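*Asks:* The amino acid sequence is not available; the structure is as follows:
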């Protein structure tokens, strides 16, 4: 960034404020609160000068959000000169906070400006980094607007490092040299942020794939800090017209912009624009945002305001967690009593997405930690851990094992859903604890939770005469849908299936349909979307007699959806599963007048034998026809 020529009066102002870094920090008085700019926008030359001039300091408070640079002011040797108060805890200050050498103020990022506004926190000196001024004397905060602009506007003294490497960004990112008390010219590379992969690549890949299922075309995304939320990005290449309204973003977003996936065409707020508060990445990112009219940066009080976020329709907020309990409470900032990060913008965006028409607040996390030795889905949060995001704000939880939908669900439904996406080796233990806490039925069957892997390969979407039907293996959480399906059947359909009259289907019976291991017992559901929610319209099951290697099969289709080929499609899927499992034959008992079901067996083209015993057909269909 080349400095534009200034008019004489502005140039005179500018020259009068020029200082060396060491001269500038002499403006800091003992006892002053000093704000330091955020993340990759941190003014490194000023920080170095501050530390080298520590002899002039005493009892000074340093405040900042995320720091990515040098933090010697958090060292024990400077205890009497400086003490850090962090609004968010980065890796470089974590030990200082947990050892009591630094403070942490838990607060939503959207509300920090209010602390400056009402003088809950006073800022005597703000040390910031900006681009060279334009011909009007306006400097851009570039990669970090966040709370930096607000801190500067409320500070008694502003020290600005002018760095030609700082890009100019659009939005609300400008401060005029008239607002600076001291100017330091220093050219140096901005801090680089390249997040280390926190989890196994295969785990991240599976999480990303599941997350992409929750992102429809035309969505607006917020993707939180860390590699887990960002795992979704490689799986968005087939999406269309995505938008971005986020707290921060990095290099990985650029590829989707260049591919035309992210264009903001359907955004209902800031149409066509990428909205953020700060960015963290490499020089490629800084060049991308420089004078890019597509990108606008605003203070966190705006970008993180839930009411603003909610004005984006189909707002998808993806954030991560350290652990989540069986009721849906999220801890994202602590390991027990040890602080790891901060509240940041997670709750701001989760609530904003909930306000949004079609919005989805999502927590994504690997199912385990510490090399798979502990579960991140836990009966209760670890002692000492705080609740970052309350259970009522969490609509979806995604792990490498699937998607748990929590919104509007009971504690029992939540617990079962979360256990279903926990790592298989921890599911039985979680189920036992859920029973002991009376979260779930005491007679809840356990076969479905004994380490079986959900077989995604048997999912399918088929168009049946203009109706899209989604077929998939059943899950333990499908019991409510199956109950609704049963009570939708006519008396005749129930009679044909059960060969008698059944008036009710209580939990103790219906749970058997979903208590499956996907091997000896299988259930396939046929689902349709009604008002953006799936409901079951058909169910097919088999139960294997292992010694004979024959499985008894049964089918039911809702009366409204009969005659559309749904039963035949479920049969086709059951045959595929049966062959994959090496099952020799399917058997069934059918009432003699149940010609529709009998026809499904014959239409497979497989060898089918029937034997009439009184008013019942005994059916046997070979899955392995002779060549």
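*Replies:* Yes, it's here. What you see is a predicted model, and the numbers here were worked out from it, not measured in a lab.
*Asks:* in the stretch 1-150 of the chain, which spans are helices?
*Replies:* 8-17, 21-25, 44-52, 94-98, 112-117, 148-154 (DSSP state H, counting those that start in this stretch).
*Asks:* Residue 372: which of these is closest?
*Replies:* Closest to residue 372 of these, according to C-beta to C-beta: helix 94-98, at 23.3 Å. The C-beta positions use only the backbone N, C-alpha and C, and glycine is treated the same way.
*Asks:* Out of the helices of the stretch 1-150 of the chain, which one sits most buried?
*Replies:* helix 148-154 (a mean of 24; mean count of other C-beta atoms under 10 Å).
*Asks:* just checking, next helix/strand downstream of that helix?
*Replies:* Note on helix 148-154: by DSSP states H and E, the next helix or strand toward the C-terminus is strand 157-162.
*Asks:* That following strand - contacts with which helices or strands?
*Replies:* helix 21-25, helix 44-52, strand 125-130, strand 182-185 (3 or more C-beta pairs under 8 Å, 6 or more residues apart in numbering; DSSP states H and E).
*Asks:* let's see 10 Å
*Replies:* Secondary-structure packing of strand 157-162 (3 or more C-beta pairs under 10 Å, 6 or more residues apart in numbering; DSSP states H and E): helix 8-17, helix 21-25, strand 33-36, helix 44-52, strand 125-130, helix 148-154, strand 182-185.
*Asks:* Of all those, which one is nearest residue 557?
*Replies:* Between residue 557 and those, the shortest separation by C-beta to C-beta is 60.4 Å, and it involves helix 148-154.
*Asks:* re earlier: select, out of the helices of the stretch 1-150 of the chain, the one closest to residue 127.
*Replies:* When these are compared for distance to residue 127 using C-beta to C-beta, the nearest one is helix 44-52, at 4.5 Å.
*Asks:* any idea of the angle that closest one forms with strand 157-162?
*Replies:* Compare the direction of helix 44-52 with that of strand 157-162 by axes from the mean of the first three to the mean of the last three C-alpha atoms, to 10 degrees and you get 130 degrees.
*Asks:* can you confirm residue 432 is in a helix?
*Replies:* Yes - under DSSP: H, G, I helix; E, B strand; the rest coil, residue 432 sits within a helix.
*Asks:* Output the helices of the stretch 1-150 of the chain in JSON lines, with mean pLDDT appended to each entry.
*Replies:* Formatted as JSON lines, those follow (pLDDT from 0 to 100):
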{"stretch": "helix 8-17", "mean pLDDT": "93"}
{"stretch": "helix 21-25", "mean pLDDT": "96"}
{"stretch": "helix 44-52", "mean pLDDT": "93"}
{"stretch": "helix 94-98", "mean pLDDT": "93"}
{"stretch": "helix 112-117", "mean pLDDT": "96"}
{"stretch": "helix 148-154", "mean pLDDT": "98"}
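*Asks:* can you list these in TSV and add distance to residue 545?
*Replies:* Listed next are the helices of the stretch 1-150 of the chain as TSV, based on distance: least, C-beta to C-beta, whole Å:
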stretch	distance to residue 545
helix 8-17	88
helix 21-25	82
helix 44-52	72
helix 94-98	58
helix 112-117	65
helix 148-154	70
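*Asks:* Looking at those, spot the one closest to residue 323.
*Replies:* Comparing those by C-beta to C-beta, helix 94-98 comes nearest, at 17.3 Å.
*Asks:* Centre of the chain to the closest one, how far?
*Replies:* The chain centre lies 26 Å from the centre of helix 94-98; the measure is C-alpha atoms, centre = their mean, to the nearest Å.
*Asks:* What lies in contact with the lowest-mean-pLDDT helix or strand in the chain?
*Replies:* Least confident helix or strand of the chain, by mean pLDDT, DSSP states H and E, is helix 491-498 with a mean of 77. Outside of helix 491-498, the residues within contact range by C-beta atoms under 10 Å, 6 or more residues apart in numbering are 486-487, 489-490, 500-503, 505, 539, 554-559, 562, 590-591, 593-597.
*Asks:* Going by neighbour count, list what's buried in the helix or strand just after it.
*Replies:* The element immediately downstream of helix 491-498 (helix or strand, assigned by DSSP H and E) is helix 507-514. Residues of helix 507-514 classed as buried: 510-514 (neighbour count, 16 or more other C-beta atoms under 10 Å).
*Asks:* just stretch 513-526 next, same as before
*Replies:* Within stretch 513-526, judged by 16+ other C-beta under 10 Å, the buried ones are 513-516, 518, 521-526.
*Asks:* Domains in the chain, by residue range?
*Replies:* Using automatic domain parsing, the domains assigned to the chain come out as 8-185, 201-444, 456-622.
*Asks:* Can you give me the first-to-last residue distance of the shortest one?
*Replies:* Yep, that's domain 456-622 we're talking about. With C-alpha to C-alpha, to the nearest Å as the measure, domain 456-622 spans 25 Å from end to end.
*Asks:* so how far is it off the chain centroid?
*Replies:* Here the centre of domain 456-622 is set off from its chain's centre by 35 Å, with C-alpha atoms, centre = their mean.
*Asks:* neighbours of residue 276, just the number please.
*Replies:* Other residues near residue 276 number 26, with proximity taken as other C-beta atoms under 10 Å.
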